[in-house]
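Engineer: predicted model and sequence follow; I will ask about them next.
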Amino acid sequence: MSQFELAACAEMIWRDRPIEWRATRLTELGFGVGLWNWPEHDLSKLEKTGATFTIMNGYLTGRLTDDEGADELLRSAKETAAIGKRLGVQRLNLHGTGLGEGGLPVQPIETVTGAMWLKARDTLCRIADLAEQEDVVFTLENLNLPVDHPGVPFGRAEDTLALVSSINHPRLRLNLDLYHAQIGEGNLIELCRRALPWIAEIQVADVPGRCEPGTGEVNWSGIARALHQMGYQGPVGMEAYASGDPMDALEAFRWAFSLSRDDL
């Protein structure tokens, strides 16, 4: 049995089924549920599923790097916080800039300047204040630039860690995505160890392919043991496509994060 709180992104499995069906089925199987953008769904139906929603995109538009984008991000985040509270979402997720079709940035940035870093930190401080007012938690997620999200500012885990740790606010944490980190940086166990004080959720998918653990190159059982040994107590979310049958993919994920007696 897994020693971790496990969740799965409902957007990426059983994609021919309604989202409320997926949330209900994941709940029946003992998983928390991750969501992407709330306007795409019937909230009243999601409310009736009884699901524990571990994470959802915490904004619809905006960006960290400039005045206009920051104001729009705060407006969008406040609107989304109200939806998050309605559904009982535990964490509201942010990126360096808004993502459009195929995960590409709405406004790509080739070079992140020092002024952009300062503006991003200021914007995230405002987000932390908003989170305090709204009684919610926001997370900042790392992405990968080479494969999925070229042109996203503050995409590397090193960048998100630098920003969140410098602000060090309990309502602004990291969503540490190990799929993205493996592509962009590697050295996953040491990354988890350094980021540990600020991690609110860990997300996983194997590399290459972004499918369930066991389909690629990452030693997930070793990562699970290391996370347990370093005392990580947050959720682990599978944000991955199923390589075949979704039930098999979910069981492979559960198995990868199940510890033996020798590990405990």
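Structural biologist: Arrived safely, thanks for sending.
Engineer: now do the same contact list for Asp129.
Structural biologist: If you count contacts by Cβ atoms under 8 Å, 6 or more residues apart in numbering, Asp129 has none. C-beta coordinates here come from the backbone N, C-alpha and C atoms, glycine included.
Engineer: confirm it sits in a strand?
Structural biologist: No. Using DSSP: H, G, I helix; E, B strand; the rest coil, the secondary structure at Asp129 is helix, not a strand.
Engineer: roughly how far does it sit from Phe31?
Structural biologist: Plainly put, Asp129 is 33 Å away from Phe31 if you go by Cβ to Cβ, to the nearest Å.
Engineer: and Thr167, how many neighbours?
Structural biologist: In this structure residue 167 is Ile, not Thr. When neighbours are defined as other Cβ atoms under 10 Å, Ile167 has 17 of them.
Engineer: over to the spatially closest residue to Arg25 that is not a sequence neighbour. Which of the three states is it?
Structural biologist: Nearest in space to Arg25, with sequence neighbours left out and distances taken as Cβ to Cβ, 6 or more residues apart in numbering, is Trp14 at 7.0 Å. Classification of Trp14 by three-state DSSP places it in coil.
Engineer: contacts only, for Trp14.
Structural biologist: Applying Cβ under 8 Å, 6+ apart to Trp14 gives the contacts 21-22, 25, 246.
Engineer: just give the closest residue to Glu185, not the sequence neighbours.
Structural biologist: Take Glu185 and drop its neighbours on the chain: the residue closest to it by Cβ to Cβ, 6+ apart is Ala157, 5.8 Å away.
Engineer: does that neighbour really touch Glu190, like I thought?
Structural biologist: No. Applying Cβ atoms under 8 Å as the test, Ala157 and Glu190 come out as separate, 11.0 Å apart.
Engineer: pick out whichever of those two has more residues nearby.
Structural biologist: Taking other Cβ under 10 Å, Ala157 and Glu190 do not tie; Ala157 has more neighbours (26 against 10).
Engineer: returning to that earlier point: quick one: which of the contacts of Trp14 is nearest Ala81?
Structural biologist: Using Cβ to Cβ, Arg22 comes nearest to Ala81 of these, at 23.6 Å.
Engineer: so Ile167 makes contact with Thr123?
Structural biologist: No. Judged on Cβ under 8 Å, Ile167 makes no contact with Thr123 at a distance of 10.4 Å.
Engineer: report the buried residues of stretch 222-238.
Structural biologist: Neighbour counts over stretch 222-238 (16 or more other Cβ atoms under 10 Å) mark 223-228, 232, 234-238 as buried.
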